[in-house]
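K.L.:
coords below, sequence missing:
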């Protein structure tokens, strides 16, 4: 049986957060999906082993923590996107009003 890895590397989450274009985001998300897939494969192996029951319980707890971290980071990322969009729209509105005042 393989030795389980209990953590999804922060590198996976950081790559997703630092991606600038859709191709980078797709690649980063693929890496994260691959890591989660490997972890789920380990779950299958551990659940079949009676001696792995405590290890399986620790793994499930660790997986739950990692899923929560990912959810938090996704919420933060989405909030940053909303804030950036809002600032961009506000800037365009204000700059348009200033331009109209100068032109008028």
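P.N.:
All right, it came through fine. As the structure is a computational prediction, the values presented were derived from the model and not from experiment.
K.L.:
helices or strands up against the longest helix anywhere in the chain?
P.N.:
The longest helix of the chain (DSSP state H) is helix 53-103. The elements that helix 53-103 packs onto, with contact taken as 3 or more Cβ pairs under 8 Å, 6 or more residues apart in numbering; DSSP states H and E, are helix 10-17, helix 22-48. C-beta here means a position set from N, CA and C on the backbone, and glycine is covered the same way.
K.L.:
between the last one and helix 53-103, how big is the angle?
P.N.:
It stands for helix 22-48. Interaxial angle, helix 22-48 versus helix 53-103 (axes from the mean of the first three to the mean of the last three Cα atoms, to 10 degrees): 160 degrees.
K.L.:
then the first one?
P.N.:
When the same axes, to 10 degrees is applied, the directions of helix 10-17 and helix 53-103 differ by 20 degrees.
K.L.:
can you tell me which helices and strands helix 10-17 packs against?
P.N.:
So helix 10-17, by 3+ Cβ pairs under 8 Å, 6+ apart, packs with helix 22-48, helix 53-103.
K.L.:
would you mind listing where this protein has pLDDT under the threshold?
P.N.:
The model of the chain has pLDDT under 70 over residues 1-10, 12, 46-47, 49-52, 104.
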